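>>> structure of the sequence below:
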Amino acid sequence: MALRVVLADDSYLVREGVAALLARAGGVEVAATADDLPDLLAAVAEHRPDAVLTDIRMPPTGTDEGIRAARTIRRDHPDVGVVVLSQFAEPDLAYDLLGESAEGLGYLLKSRIGDVEQIVRALEDTARGGSALDPEIVAALLAGRRRAPGSPLGALSPREREVLALMAEGKNNARIAADLTVSVRAVEKHINAVFGKLGITEEPVVHRRVKAVLQFLDDEGLLASG
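Numbering: from 1, shown residues only. Got it, this is the predicted structure:
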């Protein structure tokens, strides 16, 4: 069954272009499009999609409509995933979106539109209640990180925490192995240990990686509101 998506952007060309890309990707049906916040909320209520792909800034104010839409949709339709697209990596908006819960939410840079597989994967993940976080947004969060006292990740060894920090920078296992001058198998062992110690064991690997990274960011004080 095709993944049903509502697409929102105030640019007609972007809406039509993304809709065409998703249609060509296969397995995705664009159920409706919207160009502002009220139309988006109405479209979700009418069409009950599996997921929403929305720009972060739309009319009427052109500020944070995508964030407000995500909150409202997740509250009123908790089975609908929401992926928010942003032109830039903006930590404050990431806090606003993910601070309370990252379940069913994604935050990607708009430059990812050309990578249809990544967009579709993010929509599928959020539709299942998972999360999707752009590595560049993680990097922006980490750039101003501050250490939180009483770390909930205290059970991790120094090496495991080091691996988790590199995961939070969006690095894959091979890149982490190269940075630490260890084998990929050793990295996999450390990552599995991280998952186990954080109690993240019953989901696909991609969801566990995101949850572990979000836990790391929260521990660093990066997902605290304000």
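
>>> drop to CA atoms for contacts and neighbour counts, all remaining ones
Will do.

>>> element containing G130?
Assessed by DSSP states H and E, G130 sits outside every helix and strand.

>>> okay, now it: neighbour count?
Per other Cα atoms under 10 Å, the neighbour tally for G130 reads 23.

>>> the helices in this structure, which residues?
Under the criterion DSSP state H, the chain contains helices at 12-25, 37-47, 65-76, 91-98, 116-127, 135-143, 158-168, 173-180, 184-198, 205-219.

>>> any buried residues in the third one, and which?
Yep, that's helix 65-76 we're talking about. For helix 65-76, the buried set under the neighbour-count rule, 16 or more other Cα atoms under 10 Å, comprises 65-67, 69-71, 73-74.

>>> walk me through the domains of this protein.
Domain ranges of the chain: 3-140, 147-219, per automatic domain parsing.

>>> and the first one, how far out from the chain middle?
I take that to be domain 3-140. Centre-to-centre, domain 3-140 and its host chain are 10 Å apart (Cα atoms, centre = their mean, to the nearest Å).

>>> just the shortest one next, same as before
Going by Cα atoms, centre = their mean, the spacing between the C-alpha centre of domain 147-219 and its chain's C-alpha centre is 17 Å.

>>> now for the helices of the chain, which one comes closest to L85?
Of all the helices of the chain, helix 65-76 sits nearest to L85, with 8.1 Å by Cα to Cα.

>>> least confident secondary structure element in the protein?
helix 135-143 (a mean of 69; mean pLDDT, DSSP states H and E).

>>> mind putting the helices of the chain into CSV with distance to Y107?
As requested, the helices of the chain are arranged in CSV below (distance: least, Cα to Cα, whole Å):
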stretch, distance to Y107
helix 12-25, 16
helix 37-47, 17
helix 65-76, 10
helix 91-98, 7
helix 116-127, 9
helix 135-143, 8
helix 158-168, 14
helix 173-180, 22
helix 184-198, 22
helix 205-219, 12
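
>>> who wins for proximity to V84 among those?
helix 65-76 (6.2 Å).

>>> which residues are contacting that closest one?
With Cα atoms under 8 Å, 6 or more residues apart in numbering as the test, helix 65-76 has contacts from 36-37, 40-41, 44, 54-59, 80-82, 84, 93, 96-97, 104-105.

>>> redo that, cut-off 6 Å
54-58, 82, 97 (Cα atoms under 6 Å, 6 or more residues apart in numbering).
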